[in-house]
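K.L.:
Could you work out the structure for the sequence below:
(one chain, ligands or ions: 2)
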Amino acid sequence: MNSHGPRPPIAGLAHVTKTFNGHDHRTTAVRDVSFEAFAGELILLLGPSGSGKTTLLTLIAGLSRPTAGTVSLFGRDIERFSAKELQRLRAEKIGFIFQTFLLIDSLTARENIEAVLRFNGTGRSARRTKAAALLRRLQIEYLAGRFPRTMSQGEKQRVAVARAMANDAELIIADEPTGSLETKQGLGIIRILHALAKEGNKCVIVASHDLRLAEFTDRVIRLEDGRMTS
Ligand SMILES: Nc1ncnc2c1ncn2[C@@H]1O[C@H](COP(=O)(O)OP(=O)(O)O)[C@@H](O)[C@H]1O
Ligand SMILES: [Mg+2]
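P.N.:
Numbering: from 1, shown residues only. Ligands and ions are numbered 1, 2, ... in the order given. Sure, this is the predicted structure:
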């Protein structure tokens, strides 16, 4: 037991190492990382480019498997989930904001957000209502009918944040969510993510190289060359 009480952590890592085997060399991107992330907190993974942040997020999301150590999600070792169960878990309980946004080019902002809701069986009119509310919350109602190719990087990023929030996921994972925004907008995004953790009682894990985000987070985990330094 710990100070967070009897609830299991949303995500737990124990001595996680990830090594990539290339043709002629191996890269150990994550080395012996251990921590737990709970509902209601925003954790910042802070480290320079190449320190292993993205690799760590893909491990937390069950998108890749550790070379050594264990990753658990919602109290269960990911090795014990079938591929199908993991897929469902991601569709229903995890929201992603990827570094490259990964918006669907052929869909408008509103449709990108609604697409997430189709996977968990939300009805058509509820999808509309929910997408409209998210567009409003992120102050991008004006983007509703526009396609990603007509948006700035910052606008795409906001749509990606709205989309990650659409399935009301318990775990939100964000890779450099403020990376392509002006400071003021970037801070707006981190405030929204912070509110999501606090008011929505979500577990939010953000990776960034930007030390300025630290003041909006509960806990900072510093990474250097794949290792936790604090
Ligand atoms: N799929 C991969 N194959 C080989 N090496 C990789 C792969 N993904 C990441 N790496 C390497 O792992 C290290 C950490 O990368 P990454 O997790 O992307 O760091 P960050 O997100 O902090 O910039 C880097 O040296 C990178 O080149
Ligand atoms: Mg990265």
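K.L.:
Ignoring the adjacent residues along the chain, who's closest to Ala169?
P.N.:
Spatially, and ignoring its direct neighbours in sequence, Ala169 is nearest to Gly95 (3.7 Å; Cβ to Cβ, 6 or more residues apart in numbering). From N, CA and C alone the C-beta is placed, and that goes for glycine too.
K.L.:
cool, and Thr54?
P.N.:
The spatially closest residue to Thr54, leaving aside those adjacent along the chain, is Asp175, at 5.7 Å (Cβ to Cβ, 6+ apart).
K.L.:
Who does the one you found form a beta bridge with?
P.N.:
Going by DSSP bridges, Asp175 is paired in beta bridges with Ala207.
K.L.:
tally of neighbours for it?
P.N.:
By other Cβ atoms under 10 Å, 22 other residues sit near Asp175.
K.L.:
Return the residues in contact with it.
P.N.:
Asp175 sits next to Lys53, Thr54, Leu57, Phe96, Ile97, Phe98, Gln99, Ala207 when contact means Cβ atoms under 8 Å, 6 or more residues apart in numbering.
K.L.:
so what's it scoring on pLDDT?
P.N.:
For Asp175, the pLDDT comes out at 92.
K.L.:
For the chain, what lies in contact range of ligand 2?
P.N.:
With Cβ under 5 Å from the ion as the criterion, the chain comes near ligand 2 at residues Lys53, Thr54.
K.L.:
Report the contact partners of the most centrally placed residue in the chain.
P.N.:
When Cα atoms, centre = their mean is applied to the chain, the residue found nearest the centroid is Ile173 (1.1 Å). Counting by Cβ under 8 Å, 6+ apart, Ile173 makes contact with Leu57, Ile60, Ala61, Ile94, Gly95, Phe96, Ile97, Ile205.
K.L.:
which one of those is nearest Ala37?
P.N.:
Ile205 (5.8 Å; Cβ to Cβ).
K.L.:
That closest one: what secondary structure?
P.N.:
strand (DSSP: H, G, I helix; E, B strand; the rest coil).
K.L.:
again with Arg136
P.N.:
Criterion first, three-state DSSP; result for Arg136: helix.
K.L.:
pLDDT score for it?
P.N.:
With respect to pLDDT, Arg136 scores 95.
K.L.:
ok, now how distant is it from Asp225?
P.N.:
Distance, Arg136 to Asp225, by Cβ to Cβ, to the nearest Å: 42 Å.
K.L.:
related to what we said a few turns ago, minimum pLDDT in the contacts of Asp175, which residue is that?
P.N.:
Out of the contacts of Asp175, that is Gln99, at 74.
K.L.:
Pull the distance from the lengthiest helix in the chain to the chain's centre.
P.N.:
Secondary structure assigned by DSSP state H gives helix 183-198 as the longest helix of the chain. From the chain centre to the centre of helix 183-198 is a distance of 13 Å (Cα atoms, centre = their mean, to the nearest Å).
K.L.:
quick one: buried residues of it?
P.N.:
Residues of helix 183-198 classed as buried: Gly186, Leu187, Gly188, Ile189, Ile190, Ile192, Leu193, His194, Leu196, Ala197 (neighbour count, 16 or more other Cβ atoms under 10 Å).
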